[in-house]
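Asks: with the sequence up front, the predicted model follows.
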Amino acid sequence: MSNIQFQDVAINLATAQAFSVATSAVAMGNSISLLMENAVSHEKNSQTLQDASVAQCCVLMVAAGAAKAASG
């Protein structure tokens, strides 16, 4: 380990910044992709819940109308 040249250390220091920036960019890209995937999944689940709510309201309206028609 004692035969490390100054030039080798300088090359390592020169590439360290580029490597750290590239690593940060990859981590940021992964975070954004997970965020977008979760947003799409949440929107899908929200739409499913909304559809079920509307369907239940329609069932209740039809049932109330049928009960009123049967009674009178």
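Replies: Thanks, I have it. As the structure is a computational prediction, the values presented were derived from the model and not from experiment.

Asks: and the spatially most central residue of the chain, what element?
Replies: The residue lying closest to the centre of the chain (Cα atoms, centre = their mean) is Asn38, at 2.3 Å. Counting by DSSP states H and E, the element that carries Asn38 is helix 6-71.

Asks: sorry, back to before: any idea how far the residue nearest to the centre of the chain is from Asp51?
Replies: According to Cβ to Cβ, to the nearest Å, Asn38 and Asp51 sit 20 Å apart. Any C-beta I mention is one placed from the backbone N, CA and C, and that applies to glycine too.

Asks: so what pLDDT did Ala52 get?
Replies: Among the per-residue scores, Ala52 holds a pLDDT of 92.

Asks: okay, now it: neighbour count?
Replies: As a burial measure, Ala52 scores 10 neighbours (other Cβ atoms under 10 Å).

Asks: any idea how far the helix holding Asn38 is from the chain center?
Replies: 3 Å (Cα atoms, centre = their mean, to the nearest Å).

Asks: from here on, call the first residue 11.
Replies: Shifting the count to begin at 11 puts that one at helix 16-81.

Asks: which strands or helices does that helix pack on?
Replies: Of the remaining helices and strands, none touches helix 16-81 by 3 or more Cβ pairs under 8 Å, 6 or more residues apart in numbering; DSSP states H and E.

Asks: and Thr58, how many neighbours?
Replies: For Thr58, the tally of surrounding residues (other Cβ under 10 Å) stands at 10.

Asks: same question, Ala73
Replies: As a measure of burial, Ala73 has 10 neighbours, counting by other Cβ under 10 Å.

Asks: do Gly75 as well
Replies: Gly75, neighbours per other Cβ under 10 Å, totals 10.

Asks: any idea how far it is from Ala62?
Replies: In this view, Gly75 and Ala62 are 21 Å apart by Cβ to Cβ.
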